[in-house]
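Trainee: Kindly return the folded structure for what I paste below:
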Amino acid sequence: MRAEPITAEQVKAAIEAAVPGCRVQVLANASPSGQHSLILDHEHAAEAARFLRDDPTLRLDYCSNATGVDWLDSELSEKVKVKKLVDGAETEVEEVRKTKVPGYLEAVYHLYSVEKKHGPVIVRMRTGDRKEDVHLPSLTGVWRSAEFQEREIFDLYGVIFDGHPDLRRLLMWDEFKDYPMRKDYVPPADDDDLVGAERSGG
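Mentor: Here you go, the predicted model:
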(Lines give C-alpha, C1' and ligand atoms only; values in the text may rest on other atoms or scores of the structure.)
Protein backbone atom coordinates (compact mmCIF):
# COMPACT_ATOMS: atom_id res chain seq x y z
CA MET A 1 0.00 0.00 0.00
CA ARG A 2 1.42 3.37 -1.06
CA ALA A 3 1.97 5.94 1.70
CA GLU A 4 0.33 9.36 1.63
CA PRO A 5 2.53 11.91 -0.16
CA ILE A 6 4.67 14.01 2.13
CA THR A 7 4.73 17.74 1.44
CA ALA A 8 7.81 19.92 1.04
CA GLU A 9 6.56 22.13 3.87
CA GLN A 10 6.35 19.11 6.21
CA VAL A 11 9.90 18.06 5.31
CA LYS A 12 11.17 21.62 5.79
CA ALA A 13 9.61 21.80 9.26
CA ALA A 14 11.03 18.40 10.21
CA ILE A 15 14.58 19.34 9.09
CA GLU A 16 14.55 22.70 10.89
CA ALA A 17 13.28 21.05 14.09
CA ALA A 18 15.93 18.32 13.98
CA VAL A 19 18.94 20.33 12.76
CA PRO A 20 19.38 23.53 14.80
CA GLY A 21 20.37 26.53 12.67
CA CYS A 22 19.56 24.84 9.37
CA ARG A 23 17.93 27.18 6.87
CA VAL A 24 15.60 25.46 4.41
CA GLN A 25 13.72 27.27 1.66
CA VAL A 26 10.76 25.76 -0.22
CA LEU A 27 11.02 26.37 -3.96
CA ALA A 28 7.54 26.12 -5.44
CA ASN A 29 6.94 24.38 -8.77
CA ALA A 30 3.91 25.69 -10.62
CA SER A 31 3.93 22.90 -13.22
CA PRO A 32 1.23 20.16 -13.19
CA SER A 33 3.66 17.83 -11.37
CA GLY A 34 3.72 20.22 -8.40
CA GLN A 35 7.05 18.78 -7.29
CA HIS A 36 8.22 21.50 -4.93
CA SER A 37 11.84 21.29 -3.80
CA LEU A 38 13.93 22.28 -0.79
CA ILE A 39 17.03 24.48 -0.91
CA LEU A 40 19.53 23.55 1.81
CA ASP A 41 22.20 25.85 3.23
CA HIS A 42 25.77 24.58 2.81
CA GLU A 43 26.74 24.57 6.46
CA HIS A 44 24.02 22.13 7.53
CA ALA A 45 23.39 20.25 4.27
CA ALA A 46 25.20 17.03 5.20
CA GLU A 47 23.53 16.89 8.62
CA ALA A 48 20.13 17.60 7.06
CA ALA A 49 20.76 14.84 4.50
CA ARG A 50 21.57 12.33 7.26
CA PHE A 51 18.36 13.31 9.02
CA LEU A 52 16.36 12.74 5.81
CA ARG A 53 17.90 9.29 5.44
CA ASP A 54 17.71 8.18 9.07
CA ASP A 55 14.50 9.75 10.39
CA PRO A 56 12.10 6.86 11.10
CA THR A 57 9.17 8.64 9.45
CA LEU A 58 10.97 9.86 6.32
CA ARG A 59 13.64 7.16 5.74
CA LEU A 60 14.74 8.68 2.40
CA ASP A 61 17.20 5.86 1.86
CA TYR A 62 17.68 6.10 -1.90
CA CYS A 63 19.07 8.92 -4.05
CA SER A 64 17.86 8.02 -7.53
CA ASN A 65 19.35 10.96 -9.36
CA ALA A 66 21.65 13.93 -8.87
CA THR A 67 22.07 16.46 -11.62
CA GLY A 68 23.48 19.92 -12.26
CA VAL A 69 21.82 23.11 -13.45
CA ASP A 70 23.51 26.26 -14.73
CA TRP A 71 21.72 29.55 -14.05
CA LEU A 72 23.22 32.43 -16.03
CA ASP A 73 23.27 36.04 -14.84
CA SER A 74 19.84 37.56 -15.33
CA GLU A 75 18.16 40.93 -15.12
CA LEU A 76 15.14 41.65 -12.96
CA SER A 77 12.84 44.44 -14.17
CA GLU A 78 10.62 46.12 -11.62
CA LYS A 79 8.16 48.97 -12.09
CA VAL A 80 8.51 51.66 -9.41
CA LYS A 81 6.81 54.99 -8.86
CA VAL A 82 9.10 57.99 -8.37
CA LYS A 83 8.51 61.70 -7.97
CA LYS A 84 10.00 63.95 -10.64
CA LEU A 85 9.75 67.56 -11.68
CA VAL A 86 7.73 67.78 -14.90
CA ASP A 87 7.21 71.30 -16.31
CA GLY A 88 8.10 72.75 -12.93
CA ALA A 89 5.62 70.63 -10.99
CA GLU A 90 6.35 67.56 -8.88
CA THR A 91 4.67 64.57 -10.51
CA GLU A 92 4.63 60.87 -9.72
CA VAL A 93 5.82 58.84 -12.70
CA GLU A 94 6.41 55.15 -13.28
CA GLU A 95 9.91 53.94 -14.14
CA VAL A 96 11.37 50.53 -14.87
CA ARG A 97 14.26 49.73 -12.54
CA LYS A 98 16.61 46.94 -13.62
CA THR A 99 18.65 44.89 -11.18
CA LYS A 100 21.33 42.37 -12.15
CA VAL A 101 20.87 38.96 -10.54
CA PRO A 102 24.17 37.00 -10.42
CA GLY A 103 24.12 33.47 -11.83
CA TYR A 104 24.96 30.31 -9.90
CA LEU A 105 25.30 26.56 -10.29
CA GLU A 106 22.96 24.10 -8.65
CA ALA A 107 23.03 20.44 -7.61
CA VAL A 108 19.61 18.76 -7.48
CA TYR A 109 18.99 15.44 -5.70
CA HIS A 110 15.86 13.25 -6.08
CA LEU A 111 15.26 11.19 -2.95
CA TYR A 112 12.94 8.25 -2.33
CA SER A 113 12.16 5.90 0.51
CA VAL A 114 12.30 2.28 -0.58
CA GLU A 115 11.33 1.25 2.94
CA LYS A 116 8.35 3.61 3.30
CA LYS A 117 7.43 3.70 -0.41
CA HIS A 118 7.24 7.48 -0.78
CA GLY A 119 8.98 10.23 -2.73
CA PRO A 120 10.39 11.98 -4.49
CA VAL A 121 11.65 14.63 -2.11
CA ILE A 122 13.81 17.00 -4.12
CA VAL A 123 16.65 18.88 -2.43
CA ARG A 124 18.89 21.52 -3.97
CA MET A 125 22.12 23.29 -3.12
CA ARG A 126 23.35 26.44 -4.85
CA THR A 127 26.85 27.83 -5.33
CA GLY A 128 27.66 31.44 -4.54
CA ASP A 129 28.33 32.21 -8.21
CA ARG A 130 29.49 30.56 -11.45
CA LYS A 131 33.19 31.44 -11.32
CA GLU A 132 34.93 31.54 -7.96
CA ASP A 133 32.49 30.35 -5.28
CA VAL A 134 31.60 26.99 -6.84
CA HIS A 135 31.98 24.72 -3.79
CA LEU A 136 29.19 22.56 -2.36
CA PRO A 137 29.34 19.85 0.33
CA SER A 138 29.29 16.32 -1.05
CA LEU A 139 26.33 14.14 -0.07
CA THR A 140 28.08 10.94 -1.16
CA GLY A 141 28.74 10.07 2.49
CA VAL A 142 24.97 9.91 3.01
CA TRP A 143 23.86 8.38 -0.30
CA ARG A 144 26.57 6.31 -1.98
CA SER A 145 24.63 6.42 -5.25
CA ALA A 146 25.52 10.14 -5.50
CA GLU A 147 29.23 9.38 -5.99
CA PHE A 148 29.33 9.05 -9.79
CA GLN A 149 26.57 11.61 -10.25
CA GLU A 150 28.45 14.28 -8.28
CA ARG A 151 31.53 13.45 -10.37
CA GLU A 152 29.45 14.02 -13.50
CA ILE A 153 28.21 17.39 -12.18
CA PHE A 154 31.82 18.35 -11.39
CA ASP A 155 32.96 17.24 -14.83
CA LEU A 156 30.23 18.93 -16.89
CA TYR A 157 29.33 21.98 -14.76
CA GLY A 158 32.41 22.67 -12.63
CA VAL A 159 30.85 22.28 -9.16
CA ILE A 160 33.51 21.26 -6.62
CA PHE A 161 32.05 18.85 -4.04
CA ASP A 162 33.99 19.21 -0.81
CA GLY A 163 34.45 15.87 0.94
CA HIS A 164 33.82 13.74 -2.16
CA PRO A 165 35.94 10.56 -1.94
CA ASP A 166 37.12 10.57 -5.58
CA LEU A 167 36.36 13.86 -7.32
CA ARG A 168 37.84 13.67 -10.81
CA ARG A 169 36.71 13.84 -14.42
CA LEU A 170 34.24 11.15 -15.42
CA LEU A 171 33.35 11.80 -19.08
CA MET A 172 35.93 14.36 -20.22
CA TRP A 173 39.68 13.76 -20.22
CA ASP A 174 41.83 15.06 -17.37
CA GLU A 175 43.43 17.86 -19.42
CA PHE A 176 40.06 19.28 -20.55
CA LYS A 177 39.72 22.80 -19.15
CA ASP A 178 36.06 23.73 -19.59
CA TYR A 179 32.59 22.55 -18.60
CA PRO A 180 30.52 21.50 -21.63
CA MET A 181 27.07 21.60 -19.98
CA ARG A 182 27.33 25.25 -19.00
CA LYS A 183 24.99 27.44 -21.02
CA ASP A 184 27.75 29.77 -22.21
CA TYR A 185 30.13 26.97 -23.20
CA VAL A 186 31.83 27.55 -26.55
CA PRO A 187 33.41 24.45 -28.15
CA PRO A 188 37.07 24.85 -29.16
CA ALA A 189 37.69 25.63 -32.82
CA ASP A 190 39.12 22.13 -33.31
CA ASP A 191 35.77 20.64 -32.21
CA ASP A 192 33.90 22.79 -34.75
CA ASP A 193 36.29 21.71 -37.51
CA LEU A 194 35.80 18.06 -36.56
CA VAL A 195 32.00 18.35 -36.55
CA GLY A 196 32.09 20.06 -39.95
CA ALA A 197 34.37 17.39 -41.38
CA GLU A 198 32.09 14.61 -40.10
CA ARG A 199 29.02 16.24 -41.64
CA SER A 200 30.74 16.65 -44.99
CA GLY A 201 32.01 13.09 -44.92
CA GLY A 202 35.65 14.19 -44.52
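Trainee: only C-alpha atoms for contact and neighbour calcs from this point on.
Mentor: OK.
Trainee: Can you list the low-confidence ranges for this protein?
Mentor: Scanning the chain with the threshold set as pLDDT under 70 gives 1-4, 191-202.
Trainee: Strands of that one, residue ranges please.
Mentor: Remark: strands assigned in the chain by DSSP state E are 24-27, 37-40, 62-71, 74-86, 89-101, 104-113, 118-126, 135-137, 160-162.
Trainee: Any chance of a markdown table for these, columns distance to Phe51 and mean neighbour count?
Mentor: As requested, the strands of the chain are exported to a markdown table (distance: least, Cα to Cα, whole Å; neighbours: other Cα atoms under 10 Å):
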| stretch | distance to Phe51 | mean neighbour count |
| --- | --- | --- |
| strand 24-27 | 13 | 18 |
| strand 37-40 | 13 | 22 |
| strand 62-71 | 13 | 18 |
| strand 74-86 | 34 | 11 |
| strand 89-101 | 32 | 11 |
| strand 104-113 | 13 | 22 |
| strand 118-126 | 13 | 21 |
| strand 135-137 | 15 | 20 |
| strand 160-162 | 19 | 18 |
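Trainee: what would those strands look like in CSV with distance to Tyr185?
Mentor: Below are these laid out as CSV (distance: least, Cα to Cα, whole Å):
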stretch, distance to Tyr185
strand 24-27, 27
strand 37-40, 26
strand 62-71, 11
strand 74-86, 17
strand 89-101, 20
strand 104-113, 14
strand 118-126, 20
strand 135-137, 20
strand 160-162, 18
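Trainee: What distance do you get for His135 to Ile153?
Mentor: Separation of His135 from Ile153 (Cα to Cα, to the nearest Å): 12 Å.
Trainee: do the same with Phe51
Mentor: Taking Cα to Cα as the measure, Phe51 falls 24 Å from Ile153.
Trainee: between those two, which one's more packed in?
Mentor: Between Phe51 and Ile153, counted using other Cα atoms under 10 Å, Ile153 has the larger neighbour count: 25 against 19.
Trainee: start to end distance for stretch 168-178?
Mentor: Between the start and the finish of stretch 168-178 there is a gap of 13 Å, counting by Cα to Cα.
Trainee: which residues touch it?
Mentor: Stretch 168-178 has contacts (Cα atoms under 8 Å, 6 or more residues apart in numbering) with Phe148, Arg151, Glu152, Phe154, Asp155, Gly158, Tyr185.
Trainee: Cheers, nothing more for now.
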